[in-house]
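Q: One predicted model, sequence on top.
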Amino acid sequence: QVLTGCDQSTFKPQISDYTWLEDVDKNVFLLSVVDAGYSKIYKFDFSAATEAEAYINITDDMNYYGTPIVVSTSLVIINHSSFTTPDVIAKMTQDQNAATWTVTDFVDLNEETKEKFELLEAESFIFKGGNGDDVQGWIMKPVQFDETKTYPLAFLIHGGPEGAWEPSWSYRWNPQLWASHGYAVVMINPHGSSGMGIDFQNAVRNDWGGLPFQDLMNGWQYVKDTYKWIDMDRVGGCGASYGGYMVSWIQGNNDDKKFKVLVTHDGVFSTITMFYSTEEMWFPMAEY
């Protein structure tokens, strides 16, 4: 039996994976969730009386967490990464007295290599997008940042469309690479992205060029109004897959010249021919 009076619609973090924590009673899940751009591990207790008591965040940092592997009720093996650290294997241990959890890395094999580079954290921001909804994004300053100077902007658009930019180490579109070449980097999670509620995510369906486009344009304006060290006359829009679709959409709707260059990588250029390029037929059928 599930929680009485627990309204899932009020719980904005979205579950991407789960595993049982208890071996006997099976009352407790560990949930991998995305929450407004952040990756978190929640403990979910079926025996709780209220939603607030049921969902307990046991991580609160700038890491992206993979699927937990439960060894015991107080020991979990997990991989994590961040904007500044490639994947690391760690253990999560629970203090039974304090009911708190601690993440301890086994070994960071990239520690010496990372010291050779200036690796940068990203900052989260919130602005009003389409429908007046809150939209979350990330901004990363370039290396050797000087507040007296201005910098060109790499405006990155994620694929999916039902995914999100999270604080993880990317082996594809890594914002550190752009920042290391002197670019400011902005990554916005528009409608369709996970982490802002299921209605927000579903809003992209049948509307690929609608609300998400409004979000990105509102985000462009928010960045211009907020970060004066960015040269908004030198903005490049870049994306792959659905991000590439959106870059092409922007190209057809760039009358005010917000973008000086547009780069589409492996982008969807026809939602009809997309049917012929995937065996996951549920995907284009659900989106259109």
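A: Arrived safely. Since the model is a prediction, treat every value here as computed from it, not as a measurement.

Q: quick one, helices of this protein?
A: 51-54, 111-114, 175-180, 198-202, 211-226, 242-252, 282-287 (DSSP state H).

Q: The longest strand seen in the chain vs helix 211-226, what angle?
A: Longest strand in the chain by number of residues (criterion: DSSP state E): strand 230-240. Inter-element angle recorded for strand 230-240 and helix 211-226: 160 degrees (by axes from the mean of the first three to the mean of the last three C-alpha atoms, to 10 degrees).

Q: List the buried residues for strand 230-240?
A: Residues of strand 230-240 classed as buried by neighbour count (16 or more other C-beta atoms under 10 Å): Ile230, Met232, Val235, Gly236, Gly237, Cys238, Gly239, Ala240. Bear in mind the C-beta positions are built from the backbone N, C-alpha and C, glycine included.

Q: Check what contacts that strand and list those residues.
A: With contacts defined as C-beta atoms under 8 Å, 6 or more residues apart in numbering, strand 230-240 is touched by 150-159, 172-173, 183-184, 220, 223-224, 245-247, 250, 258-267.

Q: The helices of the chain into CSV, with extra columns for mean pLDDT, distance to Gln136 and mean neighbour count?
A: Formatted as CSV, those follow (pLDDT from 0 to 100; distance: least, C-beta to C-beta, whole Å; neighbours: other C-beta atoms under 10 Å):
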stretch, mean pLDDT, distance to Gln136, mean neighbour count
helix 51-54, 80, 22, 14
helix 111-114, 92, 27, 10
helix 175-180, 96, 15, 19
helix 198-202, 90, 10, 17
helix 211-226, 96, 10, 19
helix 242-252, 94, 16, 20
helix 282-287, 78, 22, 13
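
Q: Give the full set of residues in contact with the residue lying closest to Thr271 once chain neighbours are set aside.
A: Closest residue to Thr271 apart from its sequence neighbours, by C-beta to C-beta, 6 or more residues apart in numbering: Tyr288 at 5.6 Å. Neighbouring residues of Tyr288 by C-beta under 8 Å, 6+ apart: Arg205, Asn206, Thr271.

Q: still on that earlier bit, please dump the buried residues of strand 230-240 into TSV; it should also carry pLDDT and distance to Leu211 for every row.
A: Listed next are the buried residues of strand 230-240 as TSV, based on pLDDT from 0 to 100; distance: C-beta to C-beta, whole Å:
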residue	pLDDT	distance to Leu211
Ile230	97	24
Met232	96	23
Val235	96	21
Gly236	96	23
Gly237	96	17
Cys238	96	21
Gly239	95	16
Ala240	93	20
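
Q: now those residues in a markdown table, with distance to Gly37?
A: A markdown table is the format used below for the buried residues of strand 230-240 (distance: C-beta to C-beta, whole Å):
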| residue | distance to Gly37 |
| --- | --- |
| Ile230 | 20 |
| Met232 | 23 |
| Val235 | 21 |
| Gly236 | 22 |
| Gly237 | 19 |
| Cys238 | 19 |
| Gly239 | 17 |
| Ala240 | 19 |
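
Q: and which of those is nearest to Leu75?
A: Nearest to Leu75, judged by C-beta to C-beta, of the buried residues of strand 230-240 is Ala240 at 38.1 Å.

Q: what pairs with the closest one across the strands?
A: In this structure, Ala240 bridges to His265 when assessed by DSSP bridges.

Q: So it versus Ile15, what's the distance?
A: 25 Å (C-beta to C-beta, to the nearest Å).

Q: Check Gln94 too.
A: In terms of C-beta to C-beta, Gln94 sits 21 Å off from Ile15.

Q: List the residues that contact the closest residue to Thr100 other than its chain neighbours.
A: In space, and not counting its chain neighbours, Thr100 is closest to Gln94: 7.2 Å by C-beta to C-beta, 6+ apart. Gln94 sits next to Thr73, Ser74, Leu75, Thr100, Trp101 when contact means C-beta under 8 Å, 6+ apart.

Q: Most neighbours out of the residues you listed, which is it?
A: Greatest neighbour count in the contacts of Gln94, by other C-beta atoms under 10 Å, goes to Trp101: 18 neighbours.

Q: Can you report how many residues neighbour Leu21?
A: For Leu21, the neighbour count with other C-beta under 10 Å is 21.

Q: The residue nearest to it when sequence neighbours are not counted: neighbour count?
A: Take Leu21 and drop its neighbours on the chain: the residue closest to it by C-beta to C-beta, 6+ apart is Val28, 4.2 Å away. The tally of other residues near Val28 (other C-beta under 10 Å) stands at 18.
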